[in-house]
Each structure stands twice: as structure tokens, then as C-alpha cells.
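sequence unknown, structure follows:
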């Protein structure tokens, strides 16, 4: 079975390959095609994968290419993890937004809109090439903004594209662990959009254990979300929000922390990863060791500005373990390729699951996965406060899709202006002008 990884020179590719190395079952992935537009990054990551595979019998064969069509031909699964504009683009997204006093995070607020506007056209092109060259392939999308990009690709590929994210998985595992439950044997009632969802229940043998967590301040303080949001706010919500909702619930504090930070997250990662790729490309450098060291630093500094705003200090060791998006991807591939049925939190088309949204809107919910794909499970309706946020952000996503399709400047301005974290139409106009000035890829936004 062939897996094509788009964005194959990306820093997290070794996580995916490591998961593949642990899969010894029949029907496993035996070929991995890495595609990237940056040959130097491809070479560095290929060196890491070679060291990972050392001593591993029957390790998946790795091929690298900068030719998209070559990478896609014969693929059974396509893993999309591209970053249009690179980390330099992310850093620019943050700077432009913060100069206007609004959030510049890569998936939330102005930064997420800018990222989507330059990513959607590329994602749609990829979807069309998949449809032409590998029509039976399944696309697993991890490209951010994941929900928006998945919805864009679904307009070409239908339900054969599924979005994944490690945030809800990590949240569910942290809550299960603090409650003394096996994370692999619980039902997680989670619903929303990508980076905009709530864990509303955690059932163990049919019994919801979340009320026990919410009633225990010490237990809440043992998980990162409890420290970020505070026990009183979580009890008020009756749920545990995805960590990204900190940008909404504590927006002023977070923006201030970002403005006061020595450098933005994008700038930090740009510098850190540039050093890694330079080091990994040197002959004789142990590339795998360099990658592991860089990964540890990356995880330890994740959402540092939010923790600063909340006054909660460094991450605990238990919080450093990711949700394991690579494990989610592997479980998804197993379920589809081998009909090994699984329940996973995924980004899929709504199909009537949430009455507040239309059938084609991509949402993030528990799904039952089998050889026929991912099927959203029935969930309870959202409370009104969540409906407001979800529908507002989905309206923003739709304007981004409209702008990407038509090249309409008006739709792009509308996307910025409608976002809950952008407080002025005039600011929206200046944001678009600022982003067009630093991103040549947004030059297409010239139509009325």
C-alpha cells in the first residue's frame, strides 16, 4: 500500500513514519512518497527517516520528489500537511494582525483567515490532481486551518477527504487520565469545528464521568485546560473547551501577551526549524537526534503566550504528550483499508449531525470509521453560546472559500470583518491590505 505525504519535508513527518514502523499487520503501508516544493527540506527529513528505519525489518520504502503528479500516481492514501508560504508566512501573519491589535494565530482570527486565503487555492488544485491521478485514494488532511481546508477539498473529493487534528484527542486523553480511566476505552462526547470545540462528556461503561471532574478543583488543576481556563469558568460552561478557545474566552489577555512577547510563535519556529534543517543537512550529523531535540523544545513551548496570559507557568510533563495525530492517521487508514472499525474524532461533512449547519459544512465530531469511510455519530445539540461561535466562524470560512474561488476582495474583507475576534470593518480592510503587501500569493484578490 502506498502513502503519499504532501509537505513531505515538514518537521512532523517523522512522527507519521514512526507510526508506520510500528505497524506490522497485513495490508500495511509499504511505500511512502514524500513530496515537497523544497528539495533541501525533503533531503533533511529523508535522512531522519533513514535513521528511524535502521535495523527495522521491512521498513516502508521511502521515495522523495518535488513533482506532485509523480507523488500522487498509485497512491492509496494521501496525507496533506502542506504549509503555503512556510513559517515565514506564519510569522508575517502574526505581525500584521498584532500591528492592528488583533490576534494573529495561524488558525484562529485574522492569521487563520490570511492562512486560509493563500492555502485554499493550492488545496483545491491538489484535490483536483488527486481526483485525476488517484481517484480511489483517500485524502487525510492535516493542513491548517484544517476544517476550512478539508471543506474546500471536499467540494472536489466529497467524503473521500477527512480532516484530522490532535487537539481533541489530546484533550480527551488528558481528561480520561486524570479520572483514572483508560483513554482507549472511553466515549468522548466532543463537538464543534476544528480548534473550536467542547468536550461535553466522557463516558466510561455508559456513565458520564465529566461531572466528577468538574466538581473536583484539584483534578481540574491537574490538566492544562483546567489551569488555562480556571475551574470556575469550566464549571460555568459544564464542559471542557478545546485549548484554542482560550483565544476567544480570554482574547484581550492573550493579545496583550502576544504583543509583549519577545517574539511570536511563528518567528520562534522559523528560527528553530531553520537551525534544525541546516544542522540535519550536514554530512555526519545524527539527523534523528537533532530532530528529537528540536521536537522536545517545540512541544515544551507550545501555547506559551496563553499560559503567560493565564499565569500558569511551564507545561507539566503529562501535557507534553501530544494527542498523537500520527496515530489518528494510522488508525484511520487501518479502518478504511482493512475494515478495522474505529471511533475517532475527525473533521467530516455535517450531513445533518448539527442542525445549526448545512449538510456540507465540515465539523469536528466523533465518527465511526470503516471500509466505507468516516460517518459522524449522532450528538446532542449545541448550547446557544456554542451555536453563536460555531455559526459565526463557519460564516467566516464560507467567505474565505468564496474569495478563494472568485478572487473577490469584498468577500475577503467580509471574512475578516465577520470574525468574532476582529472588531471593526475598517480594521478588516487594513488587515487585507497588510496581508496582500507581504504575501504575493494573495495578489489574486482583485475582483470586486
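Right, received. Where do you want to start? For clarity, every value in this text was computed on a predicted model and none was experimentally measured. Residues are numbered from 1 along each chain as shown.

who touches residue 422 in this structure?
Residue 422 sits next to 102, 109-110, 416, 428, 431 when contact means Cβ atoms under 8 Å, 6 or more residues apart in numbering. Every C-beta, even on glycine, is put in place using the N, C-alpha and C of the backbone.

Just checking, which helix or strand of this structure averages the lowest pLDDT?
Comparing every helix and strand of the chain by mean pLDDT, DSSP states H and E singles out helix 304-310 as the least confident one, with a mean of 59.

quick revisit: okay, and which of the contacts of residue 422 map to helices?
Filtering the contacts of residue 422 for membership in helices, criterion DSSP state H, returns 110, 416, 428, 431.

Of those, which pair is most distant in space?
Spatially, the most separated pair among the ones in helices among the contacts of residue 422 is 110 and 428, at 8.4 Å (Cβ to Cβ).

Mutual contacts of these two, please.
Among the neighbours of residue 110, those also in contact with residue 428 (Cβ under 8 Å, 6+ apart) are 416, 422.

Compare these two and say which is more crowded by neighbours.
A side-by-side neighbour count of residue 110 and residue 428, using other Cβ atoms under 10 Å, places residue 110 first with 28 against 23.

measure the more buried one to residue 198 for me?
Taking Cβ to Cβ, to the nearest Å as the measure, residue 110 falls 23 Å from residue 198.

before we move on, what about residue 261?
When residue 261 is compared with residue 198 (using Cβ to Cβ), they lie 28 Å apart.

same deal with residue 159?
Taking Cβ to Cβ as the measure, residue 159 falls 24 Å from residue 198.

Who has more neighbours out of the two?
Shown here are residue 159 and residue 198; by other Cβ under 10 Å, residue 198 has more neighbours (24 against 14).

so when I look at the more buried one, I'm seeing a strand, right?
Yes - Residue 198 forms part of a strand when assessed by DSSP: H, G, I helix; E, B strand; the rest coil.

mind listing what it touches?
Applying Cβ under 8 Å, 6+ apart to residue 198 gives the contacts 190-192, 237, 239-242, 245, 386.

just the contacts of residue 422 now: which is nearest residue 216?
The nearest one, if we look at the contacts of residue 422 relative to residue 216 and count by Cβ to Cβ, is residue 109, at 32.7 Å.

Was I right to think that closest one contacts residue 423?
No - the pair formed by residue 109 and residue 423 falls short of the contact definition of Cβ atoms under 8 Å, at 10.8 Å.

Looking at the two, which is more packed in?
Summary of the neighbour comparison: residue 109 and residue 423, criterion other Cβ under 10 Å, with residue 109 having more neighbours (27 against 14).

ok, now which ones touch the more buried one?
Remark: with contacts taken as Cβ under 8 Å, 6+ apart, residue 109 is in contact with 97, 102-103, 247, 419, 421-422.

can you check residue 111 too?
Counting by Cβ under 8 Å, 6+ apart, residue 111 has contacts 90, 93-94, 97, 103-105.

Can you name the two of those that sit furthest apart?
Distances among those were taken as Cβ to Cβ; the most separated pair is 90 and 103, at 13.2 Å.

Could I get the buried residue list for the strand or helix carrying residue 140?
Counting by DSSP states H and E, the secondary-structure element that holds residue 140 is strand 138-141. Across strand 138-141, burial judged by 16 or more other Cβ atoms under 10 Å covers 138-141.

got it, and stretch 143-157?
Residues of stretch 143-157 classed as buried: 143-154, 156-157 (neighbour count, 16+ other Cβ under 10 Å).

ok, the contacts of residue 422 vs residue 347, which is closest?
residue 109 (19.1 Å).

For the stretch 151-300 of the chain, just list every one of the helices.
Counting by DSSP state H, counting those that start in this stretch, the stretch 151-300 of the chain has these helices, from start to end: 167-178, 210-214, 217-220, 224-229, 231-237, 246-249, 251-260, 265-280, 287-300.
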